[in-house]
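Peer 1: got a predicted structure plus its sequence, pasted below:
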Amino acid sequence: MTSSSRWVLVTGGSRGIGRAIVEMLAKDYPVIFTWRSDAVAAADVEQTCASFSGGAQGVQCDGGDRYAVTSLADSLVNRYGPPWAVIHNAGITLDALHVNQDPTRWQHVMDTNLNAVFYWNRCVIPGMCLQGEGSIVLMSSVSGIKGNIGQTAYAASKAALLGMSRSLAQELGRFGVRVNCLVPGLIESDMLAAIPEAKRKTMIGQIPLRRPGRPEEVAKAAAFLISEASGYITGQSLVIDGGMTV
Ligand SMILES: NC(=O)c1ccc[n+]([C@@H]2O[C@H](COP(=O)([O-])OP(=O)(O)OC[C@H]3O[C@@H](n4cnc5c(N)ncnc54)[C@H](OP(=O)(O)O)[C@@H]3O)[C@@H](O)[C@H]2O)c1
């Protein structure tokens with residue numbers, strides 16, 4: 001990658017939806033993705049993308065650590081220039097009924113799902129605005145729209161992203177930078193595998209399309225939102241849930 005490349009940053013790109021996004025975008029753009037703890041999975045993504053025309057490089061960085069984010073973001077921008085697109089994908093759930101929620105775990109969810117987006121944005125947005133074009137995609141969730149028992153922390157963080165993206169779209173539109181949200185429903189991933197079988201079956205039975213979504217289906221929507229095909233779309237939320245919220 002050179003300093004004039006149109007490169008894409010994907011947070012949490014080593015597994016699940018983030019991995020599918022990296023593998024799809026790396027066919028067209030150089031991709032830098034972050035991961036937090038699974039070095040083996042990250043190396044596997046790099047290996048898969050090695051023959052793609054864009055390629056992908058993984059970097060360990062906890063998005064909830066603002067000093068780590070600032071240090072990495074500054075070094076990437078100095079080396080390659082501002083990213084052309086950013087997909088804020090990294091996210092976790094640490095579910096508990098609200099009254100039983102441990103404050104440290106609540107904070108961890110907020111740091112990973114919400115604060116990390118702010119830490120990254122404040123480092124990359126100035127350069128993207130000077131560049132005069134770009135796209136930022138935030139990964140929300142249907143939990144942020146309709147809530148879910150045991151997910152007050154997760155739902156609050158994901159609802160906050162919806163508000164953040166609408167405000168940011170209004171701030172950045174004049175600079176040619178678009179900001180949109182993806183709002184997945186039930187998607188096949190480690191996060192879904194962690195839900196007990198019986199509950200998963202009930203949830204799938206309530207989805208009009210009667211199946212969970214595939215990570216690749218979210219990746220296609222991410223590719224659309226950073227492409228010129230969505231050039232007049234900003235401040236929007238694209239729900240990918242098989243009709244779950246209808
Ligand atoms: N799966 C669903 O049904 C669903 C539905 C709606 C929304 N979403 C959202 O979609 C996004 C991806 O979900 P997923 O199901 O694909 O999750 P996943 O399979 O658990 O993967 C999460 C990814 O995020 C990374 N990550 C976690 N904490 C991080 C941190 N502090 N800093 C940097 N990277 C971190 C992980 O890296 P390591 O493995 O190295 O820790 C991993 O690459 C999340 O924002 C999630 O809330 C998912």
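Peer 2: Done, it's in. Numbers count the residues shown, from 1 in each chain.
Peer 1: what's near enough to touch the residue nearest in space to the middle of the chain?
Peer 2: Taking Cα atoms, centre = their mean, the centroid of the chain lies closest to N89, which sits 1.5 Å from it. Contact criterion Cβ atoms under 8 Å, 6 or more residues apart in numbering gives V10, T11, G12, G13, I17, G18, I21, M139, A222 as the residues in contact with N89. The way it works is simple: take the backbone N, C-alpha and C, and place the C-beta from them, glycine included.
Peer 1: ok, and for the helix or strand bottoming out on mean pLDDT in the chain, which residues are buried?
Peer 2: The helix or strand with the lowest mean pLDDT-type score in the chain, counting by mean pLDDT, DSSP states H and E, is helix 190-193 (a mean of 80). Residues of helix 190-193 classed as buried by neighbour count (16 or more other Cβ atoms under 10 Å): M191.
Peer 1: check which residues of the helix or strand that comes right after that helix are buried.
Peer 2: Counting by DSSP states H and E, the element after helix 190-193 in chain order, helix or strand, is helix 197-205. Going by neighbour count (16+ other Cβ under 10 Å), the buried part of helix 197-205 is M203, I204.
Peer 1: same deal with stretch 79-96?
Peer 2: Residues 80-95 are the ones in stretch 79-96 that count as buried (16+ other Cβ under 10 Å).
Peer 1: which pair in the residues you listed spans the largest distance?
Peer 2: Greatest spatial distance in those: G81 and D95, 39.5 Å, computed using Cβ to Cβ.
Peer 1: circling back to that earlier point, just give me how far the least confident helix or strand of the chain sits from the chain centre.
Peer 2: 16 Å (Cα atoms, centre = their mean, to the nearest Å).
Peer 1: same deal with stretch 152-172?
Peer 2: With Cα atoms, centre = their mean as the basis, stretch 152-172 stands 12 Å off its chain's centre.
Peer 1: return the residues of this protein in contact with the ligand.
Peer 2: 11-18, 34-38, 41, 62-64, 89-92, 112, 139, 141, 184, 186-187, 189-192 (Cβ under 6 Å from any ligand atom).
Peer 1: out of these, which are buried?
Peer 2: 11-18, 34-36, 41, 62-64, 89-92, 112, 139, 141, 184, 186-187, 189, 191.
Peer 1: can you list the residues that contact stretch 63-70?
Peer 2: 11-12, 34, 36, 61-62, 90, 108, 111-112, 115-117, 119-120, 123.
Peer 1: wait, which of these is closest to the ligand?
Peer 2: Taking Cβ to the nearest ligand atom as the measure, G12 is the one of the contacts of stretch 63-70 closest to the ligand, at 2.5 Å.
Peer 1: and that closest one, which of the three is it?
Peer 2: Under the three-state scheme (DSSP: H, G, I helix; E, B strand; the rest coil), G12 adopts coil.
Peer 1: chain neighbours aside, what residue packs nearest to it?
Peer 2: In space, G12 comes closest to A90 once its chain neighbours are excluded; the distance is 2.9 Å by Cβ to Cβ, 6 or more residues apart in numbering.
Peer 1: surely that neighbour meets F33?
Peer 2: No - under the criterion of Cβ atoms under 8 Å, A90 lies out of contact with F33, with a separation of 9.5 Å.
Peer 1: and for the two, which residues touch both?
Peer 2: Here A90 and F33 share the contacting residues T11, G12, G18, scored by Cβ under 8 Å, 6+ apart.
Peer 1: does the last one touch I92 like I think?
Peer 2: No - contact between G18 and I92 fails when scored by Cβ under 8 Å: they sit 12.0 Å apart.
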